[in-house]
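1. got a predicted structure plus its sequence, pasted below:
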Amino acid sequence: MIFMSQSGLTDNRRAADWDLWYMEHIRIMLTVPGISSAQRFMTDSPDHSPSLAMYTIAGAGVFEDPYYRSVRGLGEWLPLVDRRYYQRNLFSGLDRAPAVASTAYLLVADRPREDAALAELGLTWLVCAGIDRSTALRGIAVVDAPPRPRGGVAVYRPVTKPMHAGNA
């Protein structure tokens, strides 16, 4: 399963500190039993969460683990998180989150149902399986070059390399 956490800050003057905190947060998340990979992305696509973290998890039970509950969350950053962008969703449809190379991009499209008009993008449609359920389906694709802009499709660039439990 894939877990995605999206956010943005209300005070971008703190972005450098946020990025440092987020790197450590991802390293800690990779110590949670059942979380096997993580990668963070950013976008300039209007009306989309500026920051997206994507994790491979074993299943929804990970969120019940006491250790996960002790390390999850935004800590001191919570008051600075822009609520317009804060979403956490669990998706089925892929067993493993794709690793996105530093020269590639992650496309993200949220829809109530599969969108045939986006077929040329090669999206894999994931079904929302829990947490906030802010979308019914999420289409994702890894591409070498961003496509021409189109409504409702965000282009995310990786800001971390793909990281894996045991070698983060």
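-> Perfect, thanks for sending it.
2. against residue 112, how distant is residue 55?
-> 24 Å (Cβ to Cβ, to the nearest Å). Heads up, the C-betas are built off the backbone N, CA and C, glycines and all.
3. higher neighbour count, those two?
-> A direct count of neighbours by other Cβ atoms under 10 Å for residue 55 and residue 112 places residue 55 higher, at 24 against 8.
4. Three-state assignment for that one, please.
-> Counting by DSSP: H, G, I helix; E, B strand; the rest coil, the backbone at residue 55 sits in strand.
5. next one: it from residue 25, what distance?
-> Computed as Cβ to Cβ, the residue 55 to residue 25 distance reads 11 Å.
6. in the protein, what spans have low per-residue confidence?
-> Scanning the chain for pLDDT under 70 picks out the ranges 168.
7. please enumerate the helices of it.
-> 15-29, 66-71 (DSSP state H).
8. pipe these into CSV and attach distance to residue 95 per row.
-> Formatted as CSV, the helices of the chain follow (distance: least, Cβ to Cβ, whole Å):
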stretch, distance to residue 95
helix 15-29, 18
helix 66-71, 19
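9. tell me which of those helices is the most buried.
-> Stretch with highest mean neighbour count among those: helix 15-29 (a mean of 15; mean count of other Cβ atoms under 10 Å).
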